[in-house]
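Enquirer: Task: produce atomic coordinates for the following.
(one chain, ligands or ions: 2)
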Amino acid sequence: MPEKRDYYEVLGLSRGASKEEIRKAYRSLARKFHPDKNPDDPDAESRFKELSEAFAILSDDDERRKYDTFGHNSPGGSPFGPGGFQGVNISIDDLFGGDLGGIFSQFFRSSSSGNRRAKGSDLMVRHSVPFQTAMDGCEEEIEIEALITCDKCEGEGSKDPSSVRQCPGCDGRGRTERVERIGPFTQRVVSDCPSCDGGGRIVQSPCKSCGGSGRSNQTKKVRFSVPPGVSSGVRLRMKGHGEAARASRGEPGDLYIEIDVGGHDWFERDGSDLLMALPIGYADLLLGTSVRIPHIDGDHITVKIPAGSNPGDTISIPGRGLPRQGSRSRGEVSVVLKLDLPSRVSRADKKRISEMYDILGTNEENIQERIKDEAYRRRNSRVR
Ligand SMILES: [Zn+2]
Ligand SMILES: [Zn+2]
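Expert: Numbers count the residues shown, from 1 in each chain. Ligands and ions are numbered 1, 2, ... in the order given. Have a look, this model is predicted:
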């Protein structure tokens, strides 16, 4: 890429040039290199672009001061945003007479509301589902209250169509434009017409049901399906189920349904994996066993506890967790073993346990070895 030329050099000016000199230089050079005057000449086109960029900066007091200090490497980055200068659509007529400030309006067109469509507002509702829904998904129906097209006047706002006039304030467009200064540019700002509130029409005998707005607050039913594997915070988008546009002039907005998934009696959730703790008696940890528990997929789950298991060990049961969204596979169930100590022990039982102290009690003989083993086991266990 060729090095960027100095803006003053581009316009053939000295650093101390007055505003009037800048304007004059730009006008005459831009007329000379305008693409309409130089069809199919890429050099003229890039020259024209260069001139326009230089003028955009030097005709603005703030941007000119920054440029005089930092040159092309202003600390805030390009004043034209991350894309740099994109060029402006200036007709050759703009370069004769008129206010030059307005010609850069095109530059900001894409970021302004100029192309805004009169879409109705989006709505959001929250909807709670039980934990089981995360397994199975479900079909739901809710009632919402929303501004929707008035059914009495079918959105016209008037019972009698002949009493509807085009708004004189905006010629029926619903929007008005004004020019605002932003940085080195002037920008066209488009807003709703205040006379007709954006509707573009004046209703002389308004519909009683909606007061002439063409929309009224009504309850309506919305059916939707919640996919299996859903988690809290997921937003389902129901296209076209938001508010109606004003005076039936555009598409309705969308309805977002934010899902809140209820809790489970024993499962915690980690994405599509299910975590649970399982209390197991001392003898079963030592001798091994298997435990059957009802599961949310409709079948039972069998947890096989190998002989010699320790409290804190984790047993994974793959494929029995929640469905993974966008896939047919399922997560796992992770079972953490806990030692289930009896809460009350009778005097007779205490006596029997004492008799087995040599098996059940703490072995202090090789205590260091045992502490070491425990540390090794803890560090290598699959407990998360
Ligand atoms: Zn209007
Ligand atoms: Zn109505």
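
Enquirer: Which other helices and strands does the longest helix anywhere in the chain contact?
Expert: Looking across the chain with DSSP state H, the single longest helix is helix 42-58. For helix 42-58, the packing partners by 3 or more CB pairs under 8 Å, 6 or more residues apart in numbering; DSSP states H and E come out as helix 7-11, helix 19-33, helix 61-70. Where C-beta positions appear, they are placed from N, C-alpha and C, glycine not excepted.

Enquirer: Send me it as PDB with only the CA atoms.
Expert: Only the C-alpha atoms of helix 42-58 are listed here, as PDB (Å, rounded to 0.1, in the frame of the first residue of the first chain):
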ATOM      1  CA  PRO A  42      -9.600   4.600 -11.500                       C
ATOM      2  CA  ASP A  43      -6.800   7.100 -10.800                       C
ATOM      3  CA  ALA A  44      -9.200  10.000 -10.800                       C
ATOM      4  CA  GLU A  45     -11.600   8.100  -8.600                       C
ATOM      5  CA  SER A  46      -8.900   7.400  -5.900                       C
ATOM      6  CA  ARG A  47      -7.800  11.000  -6.200                       C
ATOM      7  CA  PHE A  48     -11.400  12.100  -5.600                       C
ATOM      8  CA  LYS A  49     -11.700   9.800  -2.600                       C
ATOM      9  CA  GLU A  50      -8.400  11.100  -1.200                       C
ATOM     10  CA  LEU A  51      -9.600  14.700  -1.600                       C
ATOM     11  CA  SER A  52     -12.900  14.000   0.100                       C
ATOM     12  CA  GLU A  53     -11.200  12.400   3.100                       C
ATOM     13  CA  ALA A  54      -8.800  15.300   3.400                       C
ATOM     14  CA  PHE A  55     -11.600  17.800   3.300                       C
ATOM     15  CA  ALA A  56     -13.700  15.800   5.800                       C
ATOM     16  CA  ILE A  57     -10.900  16.100   8.300                       C
ATOM     17  CA  LEU A  58      -9.600  19.600   7.600                       C
END
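
Enquirer: Can you mark which positions in that helix are buried?
Expert: Across helix 42-58, burial judged by 16 or more other CB atoms under 10 Å covers 44-45, 47-58.

Enquirer: What of stretch 304-311?
Expert: By neighbour count on 16+ other CB under 10 Å, the buried set for stretch 304-311 is 305, 309.

Enquirer: Can you give the contact residues for that stretch?
Expert: Contact with stretch 304-311 is made by 280, 284-291, 315, 337-339, 377, as judged by CB atoms under 8 Å, 6 or more residues apart in numbering.

Enquirer: Now, of these, which are buried?
Expert: Here the buried ones among the contacts of stretch 304-311, as counted with 16+ other CB under 10 Å, turn out to be 280, 284-285, 289, 315, 337.

Enquirer: follow-up on the earlier one: can I get the contacts of stretch 304-311 in JSON lines including secondary structure, pLDDT and distance to residue 165?
Expert: Formatted as JSON lines, these follow (DSSP: H, G, I helix; E, B strand; the rest coil; pLDDT from 0 to 100; distance: CB to CB, whole Å):
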{"residue": "280", "secondary structure": "strand", "pLDDT": "97", "distance to residue 165": "81"}
{"residue": "284", "secondary structure": "helix", "pLDDT": "96", "distance to residue 165": "85"}
{"residue": "285", "secondary structure": "helix", "pLDDT": "95", "distance to residue 165": "85"}
{"residue": "286", "secondary structure": "helix", "pLDDT": "94", "distance to residue 165": "91"}
{"residue": "287", "secondary structure": "helix", "pLDDT": "96", "distance to residue 165": "91"}
{"residue": "288", "secondary structure": "coil", "pLDDT": "96", "distance to residue 165": "87"}
{"residue": "289", "secondary structure": "strand", "pLDDT": "97", "distance to residue 165": "84"}
{"residue": "290", "secondary structure": "strand", "pLDDT": "97", "distance to residue 165": "81"}
{"residue": "291", "secondary structure": "strand", "pLDDT": "97", "distance to residue 165": "78"}
{"residue": "315", "secondary structure": "strand", "pLDDT": "95", "distance to residue 165": "76"}
{"residue": "337", "secondary structure": "strand", "pLDDT": "96", "distance to residue 165": "79"}
{"residue": "338", "secondary structure": "strand", "pLDDT": "96", "distance to residue 165": "77"}
{"residue": "339", "secondary structure": "strand", "pLDDT": "95", "distance to residue 165": "83"}
{"residue": "377", "secondary structure": "helix", "pLDDT": "79", "distance to residue 165": "85"}
